[in-house]
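S.K.: Compute the structure for the input listed below.
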Amino acid sequence: MSLPQRHVIRRGPSAPAPTAARVSRPLPPPTLAPEDFADLEGDFDDDRTDPNLSIGAWAAHAGDEAPTARPVQVERPAALRAPRRHATGTPVPASTEAPTRAARRTPYPPELAPRTGSVVVPAPRRTVGDSGPRPLPPPPRVERPVAVARPEPSRVTPAPRSASVATPRPAPVAAVAPVAAPRPAPVAAPAPAPVAAPIAPAAAPQFDLPPELAAPVYGLIRRLALQTELAAADRVLRVGLAELTDATVAMSRFVGDDGQPFSLEDQGDGGPSDAILATIAAAGCQVCDGHVLVQPIVAAGRTVALIVLMRNERLPGFAVVERAIALLVARECGGLMHQLLAAYDDRQREAAADARSLFRPEALESHRSRGSEGALMNLSPMWVRRAYPVAVALVVIALAFAVFAKVPTYSTGPVVITVDGTDVTAPAQGTVEKIMISAGDRVAAGDELARLYSVQEHAELEQTEQEYDNALMTFLVDNDDSAKQALAAASAKRERSRAVVEARTVRAPADGVVSDVRVKTGQNLMPGDRILTVVPEGADPVVVALLPGQDRPRLRAGMTLQVELKGFIKPRERVTITEVGSEVLGPEDARRTLGAQFADLVGQSGAWVLVKARLPRRTFAAQRHTYHFHNGLRGTGEVKVESKPFLVTLLPAVEKILF
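M.R.: Numbers count the residues shown, from 1 in each chain. Down below sits the predicted model:
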């Protein structure tokens, strides 16, 4: 890559060349003509494509040849300036004289020039095969083209100290059409002595890319505009430029106030050194040596960042369109990157100051974000401030619930289901000889239910029968008074034996239904043993409950007894208490009252009160089935005797104080 060989420069008065007012967005900027791209490619081949000159050599050479004269203004020839447009879009003629192609030809467009403000002179051509050192160029000759311009005061903005650059800033003027004038011949001026001149970063030119590249480029700009952190914008910019230019490696360096480049994260080794990047940042122009492209991002008169794009040596070098893409992206994102870099520097300075401060960084950050002076600083987290009223409200609700909510007190005990009927018991000791009925049979009073058998009584009956037969035969043979008395005594004894045997037959005491048969054939019974029960037709089951004796004062007829049967998953049966025992019974008395059948319900100790209630129906439903209540079904019963506040139930001692 060689140095540029020709530029038309002007060292004129303080006023810049006449320009038309720029049209702000959304109107598009001027478009580079297709023949300009052809000139660009030809100029790159002729002047800048030099494999023997690297970026480091360019940086060293650019630093050696910088003149020391006052800043000069470099103006593009009128042939390369894109046509200006009114706000309505109508082109404004720049000159009545049509430039020729020879007049429009330059080494490369000013937007890709290596430095703006440097004096560039023709350099001797190198012959193919010449490996000797390139001689330094002779002192430059300054040409003064004459142009019709409206004098205006100019302002010069000092550049950072490290770059020693100055950027002329013309004051904004109204949109006017330039006055057409004949182009005079350039007047040669005496060659001044070589002096060093401060170099200002090149102003970003106004041009458009081809339509097929405009959408992805401005899509990248939109993504950058959405970033609020410098690190995020840095990553988006590097990834986007690498995709748009097909770069193998994309690195970024930010330029501090001291002019030295730095990076936010480790991006690997390779690429130009920091010294070379600092020189390019001071020049503020794009530099490319084929496979390495360095694009400065200029904003506010200084270089704020550098984008380094590198491509594999086996691939073609960066083309003019790719370099133009990098230049356009750098122009559009300059202001955004400058703002993000300024915010990043402010945060770094604040963090360094906070580290040396006596206050906590969290307190200082809260003070800055609030933005009010003199207010009390709240160091409590937000969740603490929100949780405190919630906790207070919960405590108030809990206290109100403890005072006003009622907790019922229940009296609980075992229950048994019985059916009111007549129990049939064994009249005497004996063995069940025969059972004439079964459960559910209807019987009438006097019907034979079962028959008991006794060997002794049957033997006595047979003996009395034999004695009666003998007395009768004697009476028939000898009809005297003694035979007659013996026959009467034998007959009476036989009747007594028959009566005893007849008493072994069990008969129904009343009309009804046999509900409970508890004996079987051959079973030995003692006097008083229950054989069965005869229940009147239509009788309802009865619930018999044994409740603790200490609850007797609070129990009364009419209360609701809740019955839960064992072995069934069903809602509780709610029945009304019809009878409450008048006395508190001990274990023995309770067993005697319930009978031997339910004596096991009573524990070994404790006092009990007997409570009865009648079930409203003789069937119940459980698990989609209907069942009958049977005598002897057991369960658990509960009676609500009183209600107390929850606070009293939780703290029984409070009851003595409040109640």
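S.K.: Just list whatever residues bridge to residue 637.
M.R.: Beta bridges link residue 637 to residue 413, residue 563, judged by DSSP bridges.
S.K.: Hmm, I typed the wrong one, I wanted residue 575.
M.R.: Residues in a beta bridge with residue 575, per DSSP bridges, are residue 561.
S.K.: Could you check how many residues crowd around residue 506?
M.R.: Other residues lying near residue 506 total 24 when counted by other Cβ atoms under 10 Å. C-betas here are computed from N, CA, C, even on glycine.
S.K.: The strand or helix carrying it pairs with which strands, parallel or anti?
M.R.: Assessed by DSSP states H and E, residue 506 sits inside strand 505-507. Applying DSSP bridges to the sheet, strand 505-507 is found paired with strand 448-453 (antiparallel).
S.K.: Could you identify the helix or strand that succeeds the partner strand?
M.R.: Once the chain leaves strand 448-453, the next helix or strand it forms, by DSSP H and E, is helix 455-477.
S.K.: Only the buried residues of that next one, if you could.
M.R.: Across helix 455-477, burial judged by 16 or more other Cβ atoms under 10 Å covers 457, 460, 461, 464, 467, 468, 471, 474, 475.
S.K.: The fifth one contacts residue 488, doesn't it?
M.R.: In other words, residue 467. No. Contact between residue 467 and residue 488 fails when scored by Cβ atoms under 8 Å: they sit 11.9 Å apart.
S.K.: one step back: in the buried residues of helix 455-477, which has the lowest confidence score?
M.R.: Lowest pLDDT among the buried residues of helix 455-477: residue 457, with 70.
S.K.: quick one: contacts for that residue?
M.R.: Neighbour list for residue 457: 497, 500, 501, 504 [criterion: Cβ atoms under 8 Å, 6 or more residues apart in numbering].
S.K.: Kindly reformat the residues you listed as a markdown table and extend each row with secondary structure and neighbour count.
M.R.: Converted to a markdown table, the contacts of residue 457 look like this (DSSP: H, G, I helix; E, B strand; the rest coil; neighbours: other Cβ atoms under 10 Å):
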| residue | secondary structure | neighbour count |
| --- | --- | --- |
| 497 | helix | 21 |
| 500 | helix | 17 |
| 501 | helix | 17 |
| 504 | coil | 21 |
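S.K.: and of those residues, the nearest to residue 365?
M.R.: Of all these, residue 365 sits closest to residue 504, with 107.3 Å by Cβ to Cβ.
S.K.: what's the average pLDDT for stretch 297-315?
M.R.: Throughout stretch 297-315, pLDDT has a mean value of 92.
S.K.: do the same with stretch 570-588
M.R.: Stretch 570-588 comes out at a mean pLDDT of 89.
S.K.: where does this protein have low pLDDT?
M.R.: Within the chain, the segments meeting pLDDT under 70 span 1-210, 371-377, 454-455, 458, 503, 604, 658-659.
S.K.: Give me the domain ranges for it.
M.R.: Listed by automatic domain parsing, the domain ranges of the chain are 9-126+138-340, 409-417+539-658, 423-531.
S.K.: Who are the contact partners of the closest residue in space to residue 335 that isn't next to it in sequence?
M.R.: Excluding the flanking residues, the one nearest residue 335 by Cβ to Cβ, 6 or more residues apart in numbering is residue 299, at 5.4 Å. By Cβ under 8 Å, 6+ apart, the contact list for residue 299 reads 334, 335, 337, 338.
S.K.: ok, for the last one, nearest residue in space, not its chain neighbours?
M.R.: The shortest distance from residue 338 to any residue other than its chain neighbours is 3.7 Å, reached at residue 299 (Cβ to Cβ, 6+ apart).
S.K.: gap between the one you found and residue 306?
M.R.: Separation of residue 299 from residue 306 (Cβ to Cβ, to the nearest Å): 13 Å.
S.K.: what's the answer for residue 413, then?
M.R.: With Cβ to Cβ as the criterion, residue 413 and residue 306 are 94 Å apart.
S.K.: The two: which is more packed in?
M.R.: residue 306 (24 against 20).
S.K.: residue ranges of the strands in the stretch 201-350 of the chain, please?
M.R.: Ranges of strands in the stretch 201-350 of the chain, per DSSP state E, counting those that start in this stretch, are 249-255, 261-262, 287-288, 292-299, 302-310.
S.K.: Right, I'll leave it there.
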